[in-house]
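> Structure for the following, please:
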Amino acid sequence: PRRRRRDADRLVVLGDLAHRIGAPDGDECAELETLISAVTDRVPMALVEGNHDAGVAAAFADDLDVIGAGGGVLGDSVAVCHGHTWPDPALLDADVVCMGHEHPQVRLEDSVGGSRVERAWLRGRIEPGAFVEDGSPDGTPDGDLPELVVFPGFNERSGGTWVNVDGQSFLAPFLPDALPAGDAYLLDGTRLGEYRRL
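Predicted coordinates for the structure are as follows:
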């Protein structure tokens with residue numbers, strides 16, 4: 001059977017819509033205007049403020065919804081944050097927390113020494129005490145712990161956090177402790193297994 005496409009009700013950018021830190025200007029500002037206009041002609045757009053977005057959020061606040069750096073909950077079950085700062089503890093009430101910032105990537109090697117770099121998703125249950133700044137969330141989430149999904153970079157030029165290269169570390173203040181176990185997936189959905197054992 002053919003899979004039906006669903007109409008999106010909004011586009012949520014998990015931060016770093018712009019490259020330049022600060023207010024966008026020149027060509028980058030023009031490109032952002034074109035992009036935001038093209039999207040918002042079809043669906044509303046929300047931007048979670050990332051470490052590159054303070055100027056973008058201010059410049060385009062009339063054109064898109066801005067979610068602060070601590071993140072926010074969309075509806076009842078999905079939370080979003082960028083990840084460069086400590087998230088709002090209220091995100092723990094969601095079923096899933098989606099974050100950007102890290103742009104996970106893995107180095108895959110074959111038996112004869114060849115290697116390649118692949119962008120990857122990370123996915124696993126959150127450790128609540130490591131997810132909040134003071135280590136003690138108010139209460140505990142009802143039911144199961146939320147799942148954290150760390151999104152890969154949108155394109156190959158964004159760089160990222162090496163998941164399986166010695167000497168590399170995460171950028172978010174709560175990782176890797178807030179994701180004590182989880183799997184890595186390639187962009188095509190191939191499950192690589194436990195990200196800490198790659």
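> who's in contact with the lengthiest helix in the chain?
Of all segments of type helix in the chain, defined using DSSP state H, the longest is helix 26-40. Contacts to helix 26-40, defined as CB atoms under 8 Å, 6 or more residues apart in numbering, come from residues Leu11, Leu17, Ala18, His19, Arg20, Pro24, Met45, Val56, Ala59, Phe60, Asp63, Leu64. Yep, even glycine has a C-beta here, placed from its N, CA and C like the rest.
> And stretch 8-25, by the same measure?
Defining contact as CB under 8 Å, 6+ apart, one finds that stretch 8-25 is touched by 28, 32, 35, 39, 42-56, 58-59, 67, 74, 80-84, 98-101, 151.
> List only buried entries from these.
Neighbour counting with 16 or more other CB atoms under 10 Å marks 32, 39, 45-50, 52-53, 55-56, 59, 67, 74, 80-84, 98-101, 151 as buried within the contacts of stretch 8-25.
> Show me those residues that map onto strands.
Secondary structure from DSSP state E places Met45, Ala46, Leu47, Val48, Ile67, Leu74, Val80, Cys81, Cys98, Met99 of the buried ones among the contacts of stretch 8-25 in strands.
> how about CSV for those, with distance to Gln105 and pLDDT added?
Shown next, in CSV, are those (distance: CB to CB, whole Å; pLDDT from 0 to 100):
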residue, distance to Gln105, pLDDT
Met45, 26, 94
Ala46, 26, 95
Leu47, 23, 93
Val48, 21, 94
Ile67, 25, 94
Leu74, 27, 94
Val80, 21, 97
Cys81, 20, 97
Cys98, 18, 97
Met99, 15, 97
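> re the thing from before, mind exporting the C-alpha coordinates of the longest helix of the chain to PDB?
What follows is helix 26-40, C-alpha atoms only, in PDB (Å, rounded to 0.1, in the frame of the first residue of the first chain):
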ATOM      1  CA  GLY A  26      23.900  41.200   4.000                       C
ATOM      2  CA  ASP A  27      23.500  38.000   2.000                       C
ATOM      3  CA  GLU A  28      22.800  35.900   5.000                       C
ATOM      4  CA  CYS A  29      19.900  38.100   6.000                       C
ATOM      5  CA  ALA A  30      18.500  38.100   2.500                       C
ATOM      6  CA  GLU A  31      18.700  34.300   2.400                       C
ATOM      7  CA  LEU A  32      17.000  34.000   5.700                       C
ATOM      8  CA  GLU A  33      14.200  36.400   4.500                       C
ATOM      9  CA  THR A  34      13.700  34.200   1.400                       C
ATOM     10  CA  LEU A  35      13.700  31.000   3.400                       C
ATOM     11  CA  ILE A  36      11.400  32.100   6.200                       C
ATOM     12  CA  SER A  37       9.000  33.600   3.600                       C
ATOM     13  CA  ALA A  38       8.900  30.400   1.600                       C
ATOM     14  CA  VAL A  39       8.100  28.300   4.600                       C
ATOM     15  CA  THR A  40       5.600  30.600   6.300                       C
END
